[in-house]
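Engineer: sequence and computational prediction follow.
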Amino acid sequence: MSLARCIITQGIEESEAGDLAILIYEAFTAKFTALGFDKPTAVEILRTSCDPHCTFTAHIGHNLVGAAGIMTVNRKFFTFRLHTLAQYFNPVKALVAYLALNLEERVAVDELKIEALAVDKERRGHGIGTALIRQMEQFAREEGYKVLSLDVVDTNTEARKLYSRLGFEVVKTMRFWGLARRAGFNSSYVMKKPLR
């Protein structure tokens, strides 16, 4: 696969919302499984909870092969609402899922956070994730942001190596208990890259 055939754009067509949801679900299956989501439920919730305006996508031809979502002080890629979750789960389970899915830390006014990064599993290792990050970095610079940030779980060593290679440094470690361990990780690293 040639990266030259990969086109990175901002935004996503409404008709691709389902493909985006599947791509994100497949990248974060363990997290959704730990919360008790089956695939159809997770995909439907993701389809309605992602802001297309906070999305960067990678296409090869007409195929969506990668996507990333951003968060700023005013906008979020993911907006998980309690009333949406309550349509699928009993009140207690909906509340637990709502709290677990909304653990995001606040971002600074001058910070652009990469909230999610997903590449089709058949296309990983071909530079698509790097191309998405570079496009978001360019966007952040153009918009006047001073810092690009992201979180990565301790078990995702390949992603952490990629982020380090692209200039991100660990600035904080967050430890988790309970559901996080069921999802297969114990901690998350907050990584930041100053934009000069």
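Structural biologist: Yep, it's here.
Engineer: use CA for all of it now, contacts and neighbours both
Structural biologist: Noted.
Engineer: list the buried residues in stretch 57-70.
Structural biologist: 57-60, 64-70 (16 or more other Cα atoms under 10 Å).
Engineer: same deal with stretch 42-62?
Structural biologist: 42-43, 45-52, 54-60.
Engineer: likewise for stretch 33-41?
Structural biologist: Buried-residue list, stretch 33-41, by 16+ other Cα under 10 Å: 33-35, 37.
Engineer: ok, which pair from these is furthest apart?
Structural biologist: Using Cα to Cα, the two most remote members of the buried residues of stretch 33-41 are A34 and F37, lying 7.5 Å apart.
Engineer: intersection of neighbour lists for the two?
Structural biologist: The contact sets of A34 and F37 do not overlap (Cα atoms under 8 Å, 6 or more residues apart in numbering).
Engineer: distance of the spatially most central residue of the chain from M136?
Structural biologist: Taking Cα atoms, centre = their mean, the centroid of the chain lies closest to A116, which sits 0.8 Å from it. As defined by Cα to Cα, to the nearest Å, A116 lies at a distance of 12 Å from M136.
Engineer: next one: F28
Structural biologist: Counting by Cα to Cα, the gap from F28 to M136 is 20 Å.
Engineer: who has more neighbours out of the two?
Structural biologist: M136 (24 against 15; other Cα atoms under 10 Å).
Engineer: now do the contacts for the more buried one.
Structural biologist: F56.
Engineer: noted, bye for now.
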